[in-house]
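Enquirer: Provided below are the primary sequence and the corresponding predicted coordinates.
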Amino acid sequence: MNRMRTRFVVLHLTVLALLVVLGVRLYQVQVVRGQQYVAKATETRTRAVMVPALRGQILDSTGRPLVRNLTRLVVSVDRTQLERMPRGGQDVLEKLSAVLVTPVAKLRERLRSCGPGVSRPCWTGSPYQPIPVDDRVTQREALTILERQEEFPGVTAEVQALRDYPGGSDASQLLGYLQPVTQEELEKRQGLKTSFSGVDLVGRDGLEAVYDHQLRGTPGLRRVQVDRMGKAIGVEQQVAPVAGDTLITSIDARVQSIVEKALADAMKKAPQADGAAGVVLDARNSRVIAMGSVPSYDPRVWTGGISETEYQTLLSEKAGKPLVSRAIKGTFAPGSTFKVSSVSAMVADGYPLNGTYDCPGSYMVGARAFNNFRGIGLGPMNLHTALVKSCDTIFYRAAYEMWQRDGGMQPKATAKDPMAAMARAYGFGKLTGIDLVGESPGRIPDRFWKKELWAATRKTNCNRAKTGYPEVKDGARAAFLKQLAYENCLEGFQWRPGDAANFSIGQGDVLVTPLQLANAYAALVGDGKLRSPRIGWALMRPDGSSSKMIDSPVIGKLPIDKKTRDYIRNALSEVASDGTAAGAFGGFPMDVVRIGGKTGTAEVYGKQDTSWFASFAPTKNPRFVVVVMVSQGGMGGSAAAPAVRQIYEGIYGLNKQPPALPAGRPAERLPVIGPDGTVKR
């Protein structure tokens, strides 16, 4: 009996102890840590959703859309949430596959991260953001997902804005494209985290990249109350997103289309041509009116993800690397278009502007004869005629004499290098600073560059001087290369007279971009000031309430006076009517619009010549500078000049078509955008 009583006492004490412990714990939960658990419970019922801002449009100078937004229903999957599910979310993907009529394997491909050895399609962005798997969803498919959310955890269906390009492939390299934000970018760019909604894309090239921050806008915030299944039951807080600015450019969509067609036609007429580029600048301020490069591509290929085949095509040599803009990234020997710099250097170095110079069929530069075009001598002439008829030997002689005055093979410590110095003053050999990414600086070779090149290549040249070039099948060519390697091994650091002579006519190691050449001509025929070209004209709020102008800053001034500039411009004014471009402009109504310019035919070993024509119009009061380059196009007057003519005919309406610019000049006022976002003009 006593044993039973003892057991009951122990049991009672145990129960009492448990009740005390439970009471203490309850007090801790309810009183001591009550507020903390209330906050956590509230958090589990609230979801913070970043609302993406509408990306700003990109318009031309008259308000025509170059890039606009289209809305589509997009289905996205949270891969992080999916991986925490049984079988890696296989059940959810199978249900989603049935709704979207897309194989599970295809969905898995779109969810995997891009990396070495991973072919496209794959996800290039952060793995912690929702990954779009279908951007062409019907309303029925979207409703199926939304109404049965418990069957599709981690899957969302919502309306998103996608980029649309009304001009198709026109200006594709200039406009750029969008891609998902990578995790590395989020970690490196702290400011991006605060303005990134989780589904935003960022500019990867062109204007989309340069003006990405302004175009992207500011995302909004929506705090949504949800039940235990994740269904939304109410909105607790909502902050509206702020749409990105509208970028108004100096591009004219009609002129851009004309340039694109002229380049395509030039490629067709030159069977071996492998690329072309064209630039149209406002001669007064170096604003870009049009800029094209072919081969081109349709930027809509990026929308919704790009396949491996499409991506490799954009980078393919066989396809002509359509992703690369030859206008700003392609570097080519400029040929005789470069002579405007050489004439300027001659005058600045003391050669008489109105002097008489002999133009023989060839000229001895050191121990080597340098020939005029086809070895034809043209007799005595002034610099005006030298530009119109494109005499080479006058420039060979001037360059050789300058080289000798600088000390020749034993240069003075104070060597002037007048031709190289003038070329740099024209903006060659350095970036123009245009508001695009990936621009090339080109190359202006001189004594210092030659030494650096020799130091970097001496070991290779010395080895080749011994081994030769057994892989070269042409015996004569192999012997020439071996001798060249031997000379470069011994004295490749020396700036030889032939280097100076080739430099004077834009050959040898001189390389420029079409944009650099156009910008140099704009400074020459304009006010003598070198500017950094701009495509962006203004950033404007979507409702037109405010705008911020984008200037083309002055970055230099040509070291020649107005008299010299006018002299050169007047000489170039005869090239299209009586000079090397006369054949291309036969029948052109010069009495309506007189065209000035300079042809260029640059030799490239093992390939056809690079064809150039750099021009301006009208000659008395230039408003436009137009430059066209056709790689492997042949002579400047046969490929590039006809393309330039076609562009002017389109601008002024001289080909039985309405003029692209009825006023005969670029737009001078910004388009007006109304409060509803529509363009009034």
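Expert: Okay, I see it.
Enquirer: now the helices for the stretch 301-450 of the chain?
Expert: Along the stretch 301-450 of the chain, counting by DSSP state H, counting those that start in this stretch, helices occupy 308-315, 339-348, 383-389, 393-405, 418-425, 447-467.
Enquirer: let me redo that: the stretch 51-200 of the chain
Expert: Under DSSP H, counting those that start in this stretch, the stretch 51-200 of the chain gives helices at 79-83, 90-100, 104-111, 139-147, 172-175, 183-188, 190-194.
Enquirer: downstream neighbour of the worst-scoring helix or strand of the chain on mean pLDDT in the secondary structure list?
Expert: Using mean pLDDT, DSSP states H and E, helix 190-194 stands out as the lowest-scoring helix or strand of the chain, at a mean of 54. Once the chain leaves helix 190-194, the next helix or strand it forms, by DSSP states H and E, is strand 201-203.
Enquirer: Tell me the strands beside that following strand, with direction?
Expert: Strand pairing for strand 201-203, determined by DSSP bridges: strand 178-180 (antiparallel).
Enquirer: what does the strand it pairs with contact?
Expert: Strand 178-180 has contacts (Cβ atoms under 8 Å, 6 or more residues apart in numbering) with W123, T124, G125, S126, Q129, R163, L201, V202, G203, R204, E208, W302. In short, each C-beta sits where N, CA and C put it, glycine included.
Enquirer: So among these, where is pLDDT lowest?
Expert: Least confident entry in the contacts of strand 178-180, by pLDDT: S126, with 66.
Enquirer: What are the phi and psi values at P618?
Expert: phi -70, psi 160 (degrees, to the nearest 10).
Enquirer: got a list of what it touches?
Expert: Per Cβ under 8 Å, 6+ apart, neighbours of P618: V593, R594.
Enquirer: At the geometric centre of this protein, which residue sits there?
Expert: By Cα atoms, centre = their mean, the chain has its centre lying nearest to G206, at 3.9 Å.
Enquirer: on that earlier part again, let me know which of the helices of the stretch 301-450 of the chain is the nearest to M364.
Expert: helix 393-405 (8.6 Å; Cβ to Cβ).
Enquirer: what angle do the closest one and helix 418-425 make?
Expert: 110 degrees (axes from the mean of the first three to the mean of the last three Cα atoms, to 10 degrees).
Enquirer: Tell me which other helices or strands helix 393-405 touches.
Expert: helix 339-348, strand 357-359, strand 362-365, strand 368-371, helix 383-389, helix 418-425, helix 497-504 (3 or more Cβ pairs under 8 Å, 6 or more residues apart in numbering; DSSP states H and E).
Enquirer: what's the second one packed up against?
Expert: Packed against strand 357-359, as judged by 3+ Cβ pairs under 8 Å, 6+ apart, are the following elements: strand 379-381, helix 383-389, helix 393-405.
Enquirer: The ones you listed into CSV, with extra columns for mean neighbour count?
Expert: Listed next are the helices and strands packed on strand 357-359 as CSV, based on neighbours: other Cβ atoms under 10 Å:
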stretch, mean neighbour count
strand 379-381, 12
helix 383-389, 22
helix 393-405, 23
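Enquirer: does T599 really touch A582, like I thought?
Expert: No. The pair T599 and A582 fails to qualify as a contact (Cβ atoms under 8 Å) at a distance of 9.9 Å.
Enquirer: who has more neighbours, those two?
Expert: Per other Cβ atoms under 10 Å, whichever of T599 and A582 has more neighbours is T599, with 28 against 17.
Enquirer: Need the nearest residue in space to the more buried one, chain neighbours excluded.
Expert: Nearest residue to T599, sequence neighbours excluded (Cβ to Cβ, 6 or more residues apart in numbering): G636, at 3.2 Å.
Enquirer: now the closest residue to P130 other than its chain neighbours: how far from M85?
Expert: Distances taken as Cβ to Cβ, 6+ apart place S76 nearest to P130, at 3.7 Å, with adjacent residues excluded. From S76 across to M85, the span is 16 Å (Cβ to Cβ, to the nearest Å).
Enquirer: try K389
Expert: 78 Å.
Enquirer: sorry, back to before: quick one: the contacts of strand 178-180 as JSON lines, columns for distance to E310 and neighbour count too.
Expert: JSON lines is the format used below for the contacts of strand 178-180 (distance: Cβ to Cβ, whole Å; neighbours: other Cβ atoms under 10 Å):
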{"residue": "W123", "distance to E310": "16", "neighbour count": "22"}
{"residue": "T124", "distance to E310": "14", "neighbour count": "16"}
{"residue": "G125", "distance to E310": "18", "neighbour count": "23"}
{"residue": "S126", "distance to E310": "23", "neighbour count": "18"}
{"residue": "Q129", "distance to E310": "23", "neighbour count": "22"}
{"residue": "R163", "distance to E310": "16", "neighbour count": "20"}
{"residue": "L201", "distance to E310": "17", "neighbour count": "23"}
{"residue": "V202", "distance to E310": "20", "neighbour count": "20"}
{"residue": "G203", "distance to E310": "19", "neighbour count": "21"}
{"residue": "R204", "distance to E310": "15", "neighbour count": "16"}
{"residue": "E208", "distance to E310": "18", "neighbour count": "27"}
{"residue": "W302", "distance to E310": "9", "neighbour count": "24"}
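Enquirer: Nearest to R534 among these?
Expert: For those, the nearest to R534 is E208 (16.0 Å; Cβ to Cβ).
Enquirer: Now do the phi/psi pair for the closest one.
Expert: Backbone phi and psi, for E208 under degrees, to the nearest 10, turn out to be phi -60, psi -30.
Enquirer: just checking, it touches Y177?
Expert: Yes. The criterion here is Cβ under 8 Å, and E208 meets it with Y177 at 6.2 Å.
Enquirer: my read is K598 is in a strand, agree?
Expert: Yes. Counting by DSSP: H, G, I helix; E, B strand; the rest coil, K598 falls inside a strand.
Enquirer: All set now, cheers.
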